[in-house]
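> What would the 3D arrangement of this be:
(one chain, ligands or ions: 1)
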Amino acid sequence: MRQLHQLQLAQITLGTTLPNCRCSGNDIPGKFCCKKQLVFLTFDDAVAIQNIDFYREVLFHRRNPNNETITATFFITHEYTNYGLVHELYRRNHDIALHSMTHNPLTAYWASLNATMWQKEVVDQREQLSNFARVPPTAAIQGLRAPFLQIGGDPMYNVLKQGGFKWECSRPTLNFRKPGLWPYTNDYLSHQDCQIQPCPVGEYKGFWTVPMLDMIGDNNAGCAMVDTCTPGTFGIYTHAAWLNGTDDEGTVARKEGYIRFLDYLGTKNDVYIVGISQALEWVKNPTPLDQIPSSNLFKNPTRP
Ligand SMILES: [Zn+2]
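Numbering: from 1, shown residues only. Next comes the predicted model:
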């Protein structure tokens, strides 16, 4: 009996180690102290002529402390997307991720979608995006954000895992904001609060959830995306339309604030702004700050 117990313990210890597996928790991977920050900038929905100039202006010239350009994650929907512009983002090493084929406005649709339909929404979208935007499908398209953050529980997770995706980033957490919940794999049931049901309860070995740490708006309500907060907070997951434009005061002020925030981050030599796929490489292989410039982490390869 005792032997069996020890064996189980050994298996658990072996099974829960990086780079393949990480239990949900707010401990920093590699047991580092807090003197380092990874910042994700993400933008949802179509990439089009209406927003590409914003990305060019605000993102393209910035550099990380290792002198590589910063990268953001784009969650792309099919409708209105200009695939030539997606290729431009890809060539500049941005992280190309999915946000569904239809972006159906009914959350009930996503909550109850079956596996066959999830395949059409994400596996087929990956193929389409790969063909139209000339982006390698499995090597470069690894993640998903569910539309309206309405995840589809086990059918969605099953399709992502079976389809060779590496991660998804749609699940807000209110309970693990400070200190924040780090990305985790779904080898075991997570500790994360289920803010938007249905959450997965199955086992998805090596498949990562990247939690969205809620901010608190002026009305004391949680919000995962900056543009759904009531004014007063500033954050990182957003839509370009909320920041881009010259026709109203609010948009102009938000864009100015966003740029000032990025300028401020640019003065910090311990802050890296990277796409989620790149950031997960650090989580899998936690590397001290001073060793990052000489490592392969956060290096931007030349993309054709
Ligand atoms: Zn969306």
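
> Which positions in the stretch 1-150 of the chain make contact with the ion?
Applying CB under 5 Å from the ion, we find that the stretch 1-150 of the chain lies next to the ion at 44, 45, 147. Where you see a C-beta, it was placed from the backbone N, CA and C, and this is true even at glycine.

> Tell me the spacing between the second one and residue 90.
Plainly put, residue 45 is 17 Å away from residue 90 if you go by CB to CB, to the nearest Å.

> likewise residue 21?
29 Å.

> next one: residue 246
Counting by CB to CB, the gap from residue 246 to residue 90 is 28 Å.

> which residue ranges form the helices in the stretch 151-300 of the chain?
Along the stretch 151-300 of the chain, counting by DSSP state H, counting those that start in this stretch, helices occupy 153-162, 240-243, 249-266, 276-284.

> Which one of these lies nearest to residue 85?
Nearest of those to residue 85, taken as CB to CB: helix 240-243 at 11.9 Å.

> Could I get the CA-only coordinates of the closest one as CSV?
This file holds the C-alpha atoms of helix 240-243, laid out as CSV (Å, rounded to 0.1, in the frame of the first residue of the first chain):
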residue,chain,number,x,y,z
ALA,A,240,-7.9,48.3,-32.3
ALA,A,241,-11.3,50.1,-33.0
TRP,A,242,-11.3,51.2,-29.3
LEU,A,243,-8.0,52.9,-29.8
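
> Which secondary structure elements does that helix sit against?
helix 49-58, helix 249-266 (3 or more CB pairs under 8 Å, 6 or more residues apart in numbering; DSSP states H and E).

> With adjacent residues omitted, what lies nearest to residue 164?
residue 138 (5.2 Å; CB to CB, 6 or more residues apart in numbering).

> Between helix 276-284 and the longest strand seen in the chain, find me the angle.
The single longest strand within the chain, with elements called by DSSP state E, is strand 204-209. Angle of strand 204-209 versus helix 276-284, following axes from the mean of the first three to the mean of the last three CA atoms, to 10 degrees, is 120 degrees.

> Determine how far strand 204-209 lies from the middle of the whole chain.
14 Å (CA atoms, centre = their mean, to the nearest Å).

> Could you do stretch 297-304 as well?
Worked out by CA atoms, centre = their mean, stretch 297-304 lies 18 Å from the chain centre.

> circling back: okay, residue 246 and residue 90: which has more neighbours?
Set side by side, residue 246 and residue 90 show more neighbours around residue 90, with 21 against 7, by other CB atoms under 10 Å.

> Look at that one and give its secondary structure.
At residue 90 the chain is in helix, as set by DSSP: H, G, I helix; E, B strand; the rest coil.

> Could you count how many residues lie near whichever residue of the stretch 51-200 of the chain sits closest to the ion?
Sorted by distance to the ion under CB to the ion, the residues of the stretch 51-200 of the chain start with residue 147, at 5.0 Å. Number of residues near residue 147 (other CB under 10 Å) recorded here: 23.

> so it touches residue 104, yeah?
Yes: counting by CB atoms under 8 Å, residue 147 does reach residue 104; the two are 6.9 Å apart.

> any shared contact partners between those two?
Contact criterion CB atoms under 8 Å, 6 or more residues apart in numbering; residues shared by residue 147 and residue 104: residue 110.

> Check the burial of residue 226 by counting its neighbours.
Neighbourhood size, residue 226 [other CB under 10 Å]: 19.

> no, scratch that, I was asking about residue 63
11.

> same question, residue 169
Neighbour number of residue 169 under other CB under 10 Å is 23.

> again, but for the one 3 residues further on
For residue 172, the number of neighbouring residues by other CB under 10 Å comes to 21.

> what's the closest non-adjacent residue to it?
For residue 172, the closest residue by CB to CB, 6+ apart turns out to be residue 224, at 3.7 Å.

> For the ion, see how far away that neighbour is.
Between residue 224 and the ion the computed distance is 12 Å (CB to the ion, to the nearest Å).

> Surely that residue and residue 169 touch.
No: using CB under 8 Å, residue 224 makes no contact with residue 169, being 9.8 Å away.
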